[in-house]
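Trainee: give me the fold of what follows.
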Amino acid sequence: MIKLSGSLVVISVIAFLGFAQAQEDTTQQTPAPAPAATDNSAINQGNQVVSQGQSLARRIANMLDEARREGDVIRATCLDDKLTQANVNTRNAEQRLSALQEAVSTQDNERQKHELTVLSVLSSKLGVLDQEAAQCLGQDLFETGETKVVTTIDPNTPQENSSIAPPPSMPVVPAVPPPSSPTN
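Mentor: Below you'll find the model as predicted:
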């Protein structure tokens, strides 16, 4: 029982020291505030991200229509997925732009920074989706053309008629000697 309470005291002291150290570390390493963007600059950046998303969605939709006209199911499936992702990210960017505009109107600098950060991440996602959509591969990659079978027969192959089955061979029956009679 004494050993358990001693261990408990040691654990408590270690936890307290860790907490105190963590408190000291946070006071020493406060991050520098990010430079605040002007109100118009922030809204312009948000508008650019929304415009980027809308433009990407239109390009992917055109590529998808082309793949469907060509009957390229593999490419159409890939592009359909990318279009869905582009539309979701664009709608998210539009919502974040509205939140940014609200933060600008209320002069909430912290929220402005947050919304600009989220819009920046969405812009990066849209850029990656643009690259992925360009890499969607279609059926033409997997089509190898007509198949041509070439048969080569070894000249040393014996000539025999394979349509006639050879007669069955007689099974070999071993000779078993007769039983011997017991001698008395």
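
Trainee: how about the helix or strand containing Arg59: buried residues?
Mentor: Secondary structure assigned from DSSP states H and E places Arg59 in helix 39-69. By 16 or more other C-beta atoms under 10 Å, the buried positions in helix 39-69 come out as 42-43, 45-46, 49-50, 52-54, 56-57, 60, 63-64, 67. For the C-beta atoms, the positions are set from N, CA and C on the backbone; glycine is no exception.

Trainee: closest one of these to Cys78?
Mentor: Ala67 (8.4 Å; C-beta to C-beta).

Trainee: isn't that closest one up against Arg75?
Mentor: Yes: counting by C-beta atoms under 8 Å, Arg75 is a contact partner of Ala67 at 4.2 Å.

Trainee: who are the contact partners of the most centrally placed residue in the chain?
Mentor: In the chain, the centroid-proximal residue (C-alpha atoms, centre = their mean) is Glu132; its distance is 10.8 Å. Contact analysis of Glu132 by C-beta atoms under 8 Å, 6 or more residues apart in numbering lists Lys82.

Trainee: which stretches of this structure form helices?
Mentor: Per DSSP state H, the chain carries helices over the ranges 2-28, 39-69, 73-105, 109-134.

Trainee: just the mean pLDDT for the first one, thanks.
Mentor: I take that to be helix 2-28. Per-residue pLDDT values across helix 2-28 average out to 43.

Trainee: if we can go back for a sec, helices or strands up against the helix holding Arg59?
Mentor: Packing partners of helix 39-69 (3 or more C-beta pairs under 8 Å, 6 or more residues apart in numbering; DSSP states H and E): helix 73-105, helix 109-134.

Trainee: just give me how far that helix sits from the chain centre.
Mentor: Mean C-alpha position of helix 39-69 versus that of the full chain (C-alpha atoms, centre = their mean, to the nearest Å) differs by 22 Å.

Trainee: okay, angle between that helix and helix 73-105 too, please.
Mentor: On the basis of axes from the mean of the first three to the mean of the last three C-alpha atoms, to 10 degrees, helix 39-69 is oriented at 170 degrees to helix 73-105.
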